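> Structure for the following, please:
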Amino acid sequence: MTQLSLNERSIPGLRLVANTNSYPAIKNFWPGSLCYLLRNLYCMSTLRLSILLTVLCFSSISSSQTLHGEVKDITTRGPLRDVHITSSAIKKNTISGEEGQFRIELKEVFTWTDSISFSYIGYATLVLSLAELERAGNEVYLMPLVDQLSEVNLDPKRQLSKTLKFSVVAPLKKGVYSFGSTAVGNKIFVVAGDASVVEEPMKEAMVTTLGETSLSNILSTARANFSSPQYSEEIQVYNAVTDEWTVSPIKVNKRAGHNAVLHENKIYVLGGKHLNQSGQKVLLSSEIEVIDLHKDTLLVDRVYPHQASGAAAVIHGDDLLVLGGSTRLNRKRKKIFTDEVHLFNFQTGLWFEAGKVPKGKEIKAVNIQGTIFIIGGSDGSVVNVIESLNLATGKYKTEAKLQHRFDHPAVVSNGNVIYIYERGKFHTIDVARREMKTYGIDLQVEEPNLHIWNNKLFVIGGYKGQLYTKTPVAECFKISLEEFKQTEVKEKVHF
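Here you go, the predicted model:
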């Protein structure tokens with residue numbers, strides 16, 4: 001697969017993550033680490049190194065190209081965590097750590113007049129030149145903003161809606177759940193998914209006939225109603241402007257429990273499980289399928305080290321992180337979970353081991369300005385914690401323990417706000433204000449996917465569950481984000 005072609009030479013100190021000459025890996029790897037820098041330097045051509053040496057000799061570039069510093073409150077002198085640090089002169093924008101510390105790597109070519117910005121909610125944004133930053137000893141002080149509240153006229157007749165209002169949009173061509181999806185401009189791509197009607201006839205037979213018939217009759221009923229899994233291979237495409245669904249001529253493997261992520265006009269379909277040729281056996285997927293939207297083609301890479309279903313896949317710059325998931329069923333038909341994290345770099349095509357999540361589980365996650373927020377998930381029980389992973393430091397943190405337990409939530413982010421849907425309720429988490437709000441909504445769908453476009457939140461697919469059945473749905477809905485301001489908050493929690 002041409003876009004994943006790799007350098008054939010090996011790098012001392014790196015261990016293979018898969019059985020191929022092309023995929024070296026390093027444990028506890030994070031962007032910005034020494035290993036990351038060495039790997040990038042290794043991939044430079046001789047010409048590029050020569051140019052770099054020339055620039056170093058004839059410009060005012062720092063010899064280390066790395067600056068360390070701290071961000072503090074100018075009044076309290078206390079450290080400020082999660083301050084956003086951006087500049088065209090640094091390799092990757094970052095945020096300050098627990099004690100306000102920051103570390104930035106300068107690009108190969110820059111000038112000391114280049115500006116760097118420090119921004120934090122509730123504080124005035126500070127913009128300095130690199131020279132001014134160095135003269136200040138790399139200590140940055142931010143000034144709190146004084147709120148200027150304008151007069152507000154309250155209308156006593158205005159009433160908030162009891163539940164979120166929504167409208168119906170065009171349905172999927174084929175109802176699915178447990179699918180991968182991604183938004184590309186005004187289009188939403190739904191890739192494969194589970195189209196099975198799941199029945200539990202054994203439970204139903206035992207309940208409805210208990211004490212009235214024999215065990216053999218119960219087993220006979222169960223066998224008669226059993227249905228094999230049905231996975232989709234279709235790519236369904238929704239146009240939010242025309243409110244229409246179409247089906248792409250491209251077919252993928254019949255998958256479920258997978259992810260679809262967008263990077264540079266390519267959709268990477270990875271992970272999950274697929275059916276064997278007979279359609280009777282479920283296997284973990286070991287291939288990455290790449291849909292090139294520009295060329296309208298499908299390419300396949302047969303090396304994928306993170307084989308799991310229900311994992312989270314998050315893009316950060318030129319890196320893709322895949323976290324957690326389930327790997328198999330034990331003899332008691334209970335899921336076995338993985339705590340592994342793998343990182344793929346799109347520029348080099350290399351996979352790396354990237355440490356472990358605090359506990360193995362199926363995961364839903366979003367990336368907000370360099371921090372991955374892990375929402376709930378299933379580890380054999382229902383999880384009620386929100387965790388975060390700071391990509392600048394590689395450290396995990398428990399952000400909150402909540403009354404609500406999120407098993408298989410649908411999750412999407414917009415700015416600093418995370419939108420969560422599960423079991424007929426919507427929750428919003430403002431990570432800057434550290435506040436969660438809960439809203440009611442009259443939707444009877446489970447495990448849909450969420451996407452946001454043009455200030456509208458789209459609820460796509462999922463299933464409807466009754467006592468002994470699970471049926472995929474084709475219905476799709478949209479909610480204006482303004483509705484959240486006009487709807488009664490059922491519960492508010494600060495954390």
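> And Leu262, how far from Trp351?
19 Å (Cβ to Cβ, to the nearest Å). C-beta coordinates here come from the backbone N, C-alpha and C atoms, glycine included.
> Neighbour count for these two, which is higher?
Neighbour totals were compared for Leu262 and Trp351, and Trp351 leads with 26 against 15 (other Cβ atoms under 10 Å).
> For the residue lying closest to Val431 once chain neighbours are set aside, give me the backbone phi and psi.
If the residues on either side of it in the chain are set aside, Val431 comes closest to Asn416, at 5.3 Å by Cβ to Cβ, 6 or more residues apart in numbering. As for Asn416, its main-chain torsions (degrees, to the nearest 10) stand at phi -90, psi 10.
> Make sure Asn416 is actually in contact with Ile429.
No - using Cβ atoms under 8 Å, Asn416 is not in contact with Ile429, being 9.1 Å away.
> Name the residue in the two with the higher neighbour count.
Ile429 (26 against 13).
> show me the contacts for that one.
Contacts for Ile429 (Cβ atoms under 8 Å, 6 or more residues apart in numbering) come out as 373, 375, 386, 417-418, 420, 435-436.
> if you set the cut-off to 10 Å instead, what comes out?
366, 368, 373, 375, 386, 399-400, 402, 411, 413, 416-420, 435-437, 493, 495 (Cβ atoms under 10 Å, 6 or more residues apart in numbering).
> could you say what helices and strands the one helix or strand Thr246 maps to packs with?
Secondary structure assignment for Thr246, by DSSP states H and E: strand 244-247. Applying 3 or more Cβ pairs under 10 Å, 6 or more residues apart in numbering; DSSP states H and E, one finds that strand 244-247 makes contact with strand 187-194, strand 231-239.
> And the average pLDDT for the longest one is what?
Confidence over strand 231-239 (mean pLDDT, whole number) is 97.
> in the strand holding Thr246, what counts as buried?
Trp245 (16 or more other Cβ atoms under 10 Å).
> Before we go further, Thr163 is sitting in a helix, right?
No - judged by DSSP: H, G, I helix; E, B strand; the rest coil, Thr163 forms no part of a helix; its state is coil.
> Quick check: Ile291 touching Pro249?
No - Ile291 lies out of contact with Pro249 (Cβ atoms under 10 Å); the separation is 11.5 Å.
> How about the longest strand belonging to the chain, which residues are buried there?
Criterion DSSP state E: the longest strand present in the chain is strand 395-406. By 16+ other Cβ under 10 Å, the buried positions in strand 395-406 come out as 396, 399, 402, 404, 406.
> Give me the distance between that strand and the centre of its chain.
16 Å (Cα atoms, centre = their mean, to the nearest Å).
> Likewise for stretch 103-110?
That offset, for stretch 103-110, works out to 27 Å (Cα atoms, centre = their mean).
> could you dump it to CSV, C-alpha only?
The C-alpha coordinates for stretch 103-110 follow below in CSV (Å, rounded to 0.1, in the frame of the first residue of the first chain):
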residue,chain,number,x,y,z
ARG,A,103,8.2,22.2,26.7
ILE,A,104,8.2,23.3,23.1
GLU,A,105,10.3,22.2,20.2
LEU,A,106,11.2,24.9,17.7
LYS,A,107,11.1,24.2,14.0
GLU,A,108,14.3,23.8,12.0
VAL,A,109,13.9,27.3,10.6
PHE,A,110,12.6,30.2,12.6
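> tell me the mean pLDDT for that stretch?
Rounded mean pLDDT across stretch 103-110 is 88.
> now do stretch 297-317
94.
> where do the helices sit along the stretch 101-250 of the chain?
130-135, 201-209, 215-225 (DSSP state H, counting those that start in this stretch).
> could you say what helices and strands the first one packs with?
Counting contacts by 3+ Cβ pairs under 10 Å, 6+ apart, helix 130-135 packs against strand 66-73, strand 115-119, strand 126-129.
> could you redo the last one with a cut-off of 8 Å?
strand 66-73, strand 115-119 (3 or more Cβ pairs under 8 Å, 6 or more residues apart in numbering; DSSP states H and E).
> so Ile374 makes contact with Thr398?
No - applying Cβ under 8 Å as the test, Ile374 and Thr398 come out as separate, 9.8 Å apart.
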